[in-house]
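**Student:** Need coordinates for the following:
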Amino acid sequence: MGHGTSFAFIKLYVDDHDRLVDFYRDVLGMNVVSHEVDGEGENEHEESLLSFGSEVGSGPGGDLIIVQEYHRPTPPPGEVATCFWVNDADAVVKAAVEHGGAIDIAMEEVSRFNTLCGSIRDPEGRRIELMQPMA
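**Tutor:** Prediction:
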């Protein structure tokens, strides 16, 4: 099942976006490679993508995304969302459900990134985001 799957990023949900971006930039030397305020209604959020490289995915290891959701409670400290690139999101979602996980957010097209994105939950409820490149 793991063939064609690779780690993409860790996402931290925070109460103070700017403070945490400054922390990871100034303490660990990460570069802010993108920043946006996006979404509408309950999905409105601010996020910054940090990397040890100069662009997304260019540094060693994965990237870090700092997210402040404006209309949802922040998860407890220590809670993170991981994200993986996959070649067949349908197969991964099916396997997750068969192994005690659940669908969190159905896969949908995000045309500005040329990907399908969605998320599943592991058997203990942790969010795992999935991204599949569009053909």
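
**Student:** contacting residues around the residue lying farthest from the centre of the chain?
**Tutor:** Ranked by distance from the centre of the chain (C-alpha atoms, centre = their mean), the top residue is residue 98, with 22.8 Å. Applying C-beta atoms under 8 Å, 6 or more residues apart in numbering to residue 98 gives no contacts. Heads up, the C-betas are built off the backbone N, CA and C, glycines and all.

**Student:** Do you know the pLDDT at it?
**Tutor:** Per-residue pLDDT puts residue 98 at 94.

**Student:** And for residue 129?
**Tutor:** For residue 129, pLDDT reads 91.

**Student:** Residue 30: how many residues sit nearby?
**Tutor:** 21 (other C-beta atoms under 10 Å).

**Student:** excluding its backbone neighbours, what's nearest it?
**Tutor:** residue 50 (4.0 Å; C-beta to C-beta, 6 or more residues apart in numbering).

**Student:** I'd like the secondary structure assignment at that neighbour, please.
**Tutor:** strand (DSSP: H, G, I helix; E, B strand; the rest coil).

**Student:** Tell me which stretches of the protein form strands.
**Tutor:** In the chain, the strands defined using DSSP state E lie at 6-13, 31-38, 45-51, 63-69, 80-85, 102-110, 115-121, 127-133.

**Student:** Any chance of those strands in a markdown table with distance to residue 91 as columns?
**Tutor:** Below are the strands of the chain laid out as a markdown table (distance: least, C-beta to C-beta, whole Å):
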| stretch | distance to residue 91 |
| --- | --- |
| strand 6-13 | 15 |
| strand 31-38 | 29 |
| strand 45-51 | 27 |
| strand 63-69 | 25 |
| strand 80-85 | 13 |
| strand 102-110 | 11 |
| strand 115-121 | 12 |
| strand 127-133 | 10 |
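
**Student:** can I get the ones you listed in TSV with distance to residue 21 and mean neighbour count?
**Tutor:** Output for the strands of the chain, formatted as TSV (distance: least, C-beta to C-beta, whole Å; neighbours: other C-beta atoms under 10 Å):
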stretch	distance to residue 21	mean neighbour count
strand 6-13	10	18
strand 31-38	6	13
strand 45-51	5	21
strand 63-69	5	22
strand 80-85	16	18
strand 102-110	22	14
strand 115-121	22	18
strand 127-133	20	18
